[in-house]
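# just coords:
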């Protein structure tokens, strides 16, 4: 009997990094469990030993934790239905596979890979669907036992009945129907003794009391095999929900060949976990309104499987970047400063000591101008070191033959002031323009070039206030020495 309280699971294979598609599957399972008061399990499907990658399990778990997706049961959080690594459950699969064998729902197959390949080629040439021809189904129990005792390689196959239909309801897709004539006699136990995904998946979902199977569309074609397995065991069938495919901008299936697909890739590029989770949640789901900005808590409150679409979802990197900017700007100054310090520690400025007070000012000046924290370093180097060259386009546009005189006048005015506020710098500049009879822009523009080396950025009064009076004076004098002789 399936539990009344929802129990869902994310069951990745440890074959590499966590794919953003896998993140979405994990996220939807997590949101559904949180919304319904259910339980979210992490199960590692590591029975394909050829594709197993050392360290992948730890990487998967770390990526989920980084995204704020915490499981209730799984590796390191053992419940009463573990273990949660399939490689530690082989005896369970063997026991249940023998049950299928005894009742005729499965049979031993001794066909070589060469025979299987020839069969497939013949079927393709004839224009028929490639599938196993049940060649070994008629072997007697004795003959099969003798061949196994002689050490002959073999697998265990599911005996798919011909001429039947498999029908099941999908929460997202509605009624789904398959003819058993199109379903291959899937291998259940491989020649190495390990179960395939199909057998282990069904056994584990039953024994772990999974009520809802929320997974990607790519598993939809496997579902009739799973339904048949449930029926063969006499078990109640969970509810299914198959999520839409993730697509590139050209509507092709999202793949590494066309860009980054791993959570670690986006983390390394500086995307915030809140933005990535927000973005991934919207890949196929909507609350039915125009809202796009969500915290994880808001997603839990709004989420429902009934609002997930069937159509493929396009992975729009521009939208992800926009969301990253939105989440970044809503972070506190202290939080962004903490992230900035991490970036500084890995940068060319790692040996320079900047106070939190100083960095807070930098963050407040730049937060509306960036989408990523690392852009503070890239777009405003002048906050961390004096410019050693000056943008030629800015000089040509903003520096005149009188600029050196105007800046000297302004520097002289600054030397007489304490400059304890941003307004002090502004008042000093307006005093100079009044005495010189010029417009403020005639000092502001060359001043910006002098202190930053570029022609754009935050307000010039913000820049000079942040770097301070003495540094402002040093930069003005240096710019006059380096720029004016050539003008």
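Everything's here; your move. Fair warning: this is a prediction, and the values are worked out from it, not measured in the lab.
# tell me the mean pLDDT for stretch 203-221?
Averaging pLDDT along stretch 203-221 gives 97.
# show me where pLDDT drops low in this protein?
For the chain, the stretches flagged by pLDDT under 70 are 1-3, 256-260, 485-487.
# switch the cut-off to 80
1-4, 49, 255-260, 484-487 (pLDDT under 80).
# Centre of the protein to the edge, which residue is at the far end?
Largest separation from the mean C-alpha position in the chain: residue 435, at 58.5 Å (C-alpha atoms, centre = their mean).
# tell me which element that residue is part of?
Taking DSSP states H and E as the definition, one finds residue 435 inside helix 422-436.
# Residues in contact with the helix or strand that that helix is followed by: which ones?
Remark: after helix 422-436, the chain's next helix or strand is helix 441-452, criterion DSSP H and E. Here helix 441-452 makes contact (C-beta atoms under 8 Å, 6 or more residues apart in numbering) with 380, 382, 387, 390-391, 394-395, 397-400, 402-403, 406-407, 410, 429, 432-433, 454-455, 457, 460, 463-464, 467, 472, 475-476, 478-480, 483. C-beta: built from backbone N, CA, C; applies to glycine.
# would you list every one of the strands in the stretch 301-450 of the chain?
With strands called from DSSP state E, counting those that start in this stretch, the stretch 301-450 of the chain shows them at 313-314.
# just the helices in it please.
For the stretch 301-450 of the chain, the helices defined by DSSP state H, counting those that start in this stretch occupy 317-329, 333-345, 356-366, 374-379, 392-398, 403-415, 422-436, 441-452.
# which of those is buried the deepest?
helix 441-452 (a mean of 22; mean count of other C-beta atoms under 10 Å).
# starting at the chain centroid, how far to stretch 323-333?
Going by C-alpha atoms, centre = their mean, to the nearest Å, the spacing between the C-alpha centre of stretch 323-333 and its chain's C-alpha centre is 18 Å.
# Identify all contacting residues around that stretch.
270-272, 274-276, 278-279, 292-293, 336, 360, 363-364, 367-368, 370-373.
# repeat for stretch 93-105
Outside stretch 93-105, the residues that reach it (C-beta under 8 Å, 6+ apart) are 86, 106-108, 156, 158-159, 188-189, 193, 195, 199-200, 203, 229, 232-233.
# Which ones among those residues lie within helices?
Using DSSP state H, the subset of the contacts of stretch 93-105 located in helices is 199, 200, 203, 229, 232, 233.
# The last one reaches residue 206, doesn't it?
Yes. Taking contact to mean C-beta atoms under 8 Å, the distance of 7.1 Å between residue 233 and residue 206 places them in contact.
# right, and residue 370 touches residue 363 too?
No. With contact defined as C-beta under 8 Å, residue 370 does not count as touching residue 363 (9.3 Å).
# Need the residues touching each of these two.
residue 376.
# I'd like the helices of the stretch 301-450 of the chain laid out as a markdown table, including distance to residue 6.
Formatted as a markdown table, the helices of the stretch 301-450 of the chain follow (distance: least, C-beta to C-beta, whole Å):
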| stretch | distance to residue 6 |
| --- | --- |
| helix 317-329 | 28 |
| helix 333-345 | 34 |
| helix 356-366 | 42 |
| helix 374-379 | 40 |
| helix 392-398 | 60 |
| helix 403-415 | 67 |
| helix 422-436 | 55 |
| helix 441-452 | 56 |
